[in-house]
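Q: Got a predicted structure here, sequence first:
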Amino acid sequence: MGGRYVNRVTLDTNLFWGARRGLLSEIRGRGFRLSLSETALYEALAKAQRDKVAGQFGARAELFRNLLDAERPLVGTRGNFRERLNSPVQIAESLRALWEHVCNCAKPSAEFEGLGAAANQFMDSISLRTLARRLTPDELAELAVKDRSKLESALRKHLRNAPEHNVRKDKSTVANYLIECGLGSLDAGKNDLQDLEQLVCVGEPSFLLTCDRRLIKNAKRSGSPQARWVVSPDAFLEGPLPTRKPWE
């Protein structure tokens, strides 16, 4: 079976809200363990509070509670990278406790409202919009750029040749995203940073399952071979899947 060296599938935010039980059961039936990204949980909590859909969140949490990997229901996306390497057991235990706490209070209540408000505040405090913006004519002039296509080509080549490229796909993809926003081929979205930071899940190792076509396209355009582990549900089920670890 393809993907036998990576047996974890991490789901992003859009699948927390939209994935059907049949899809999740089929993935489990193929021998994969399901997790939710830490960022996806924060985004879902924020949406539940913002849109007043605590009941809907509770129903989704109950569905996932029965399908996610009991040992690692959440895959971490936040925090210091060195800490993630040195303390994987403690981090996994902390995230498991967080998931249980959220599930236990996932209903309309003051406590759940507080969780959602905190998640909203956190989501609003981090954004790539200040960096991911179109360069002004003056800024382009300062770079002595006469041919924008040549600049884009040069920057993409630089990304592909970066020494840490094969290890840190998330860095090259974020850089590629900033390039496209700077040259005007993309407009920065409010939650783009949250989407991009979920790419670190690939290093677990894990597939990152998402319906976000822009995220998948951005990963591919980064030139990283690890982009093959960022897939849509249809592509995942249809295969073929990589049969090695992302960094090999």
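A: Thanks, I have the structure now. Residues are numbered from 1 along each chain as shown.
Q: tell me the strands in this structure, going along the chain?
A: For the chain, strands defined by DSSP state E occupy the ranges 8-11, 33-37, 74-75, 207-209, 230-231.
Q: you'd agree Leu241 is up against Phe207?
A: Yes - here Leu241 reaches Phe207: they are 7.4 Å apart, a contact under C-beta atoms under 8 Å. Where you see a C-beta, it was placed from the backbone N, CA and C, and this is true even at glycine.
Q: more crowded one of these two?
A: When neighbours are counted by other C-beta atoms under 10 Å, Phe207 comes out ahead of the other of Leu241 and Phe207, with 25 against 20.
Q: unless I'm mixing things up, the more buried one is touching Arg8, no?
A: Yes - between Phe207 and Arg8 there is a contact at 7.2 Å, judged by C-beta under 8 Å.
Q: Now do the shared contacts for these two.
A: In terms of C-beta atoms under 8 Å, 6 or more residues apart in numbering, Phe207 and Arg8 are both contacted by the residues Phe32.
Q: Quick one: low-confidence residue ranges for the protein.
A: 1-4, 78-88, 124-198, 222-223 (pLDDT under 70).
Q: Just send the strands of the chain back as a markdown table, with distance to Glu93 too.
A: Putting these into a markdown table (distance: least, C-beta to C-beta, whole Å) gives the following:
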| stretch | distance to Glu93 |
| --- | --- |
| strand 8-11 | 17 |
| strand 33-37 | 14 |
| strand 74-75 | 11 |
| strand 207-209 | 23 |
| strand 230-231 | 27 |
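Q: between the ones you listed, which gets nearest to Lys107?
A: Set against Lys107 and scored by C-beta to C-beta, those come closest in strand 33-37, at 18.7 Å.
Q: Sheet-wise, list the partners of that closest one with their directions.
A: Listed by DSSP bridges, the sheet partners of strand 33-37 and their directions read strand 8-11 (parallel), strand 74-75 (parallel).
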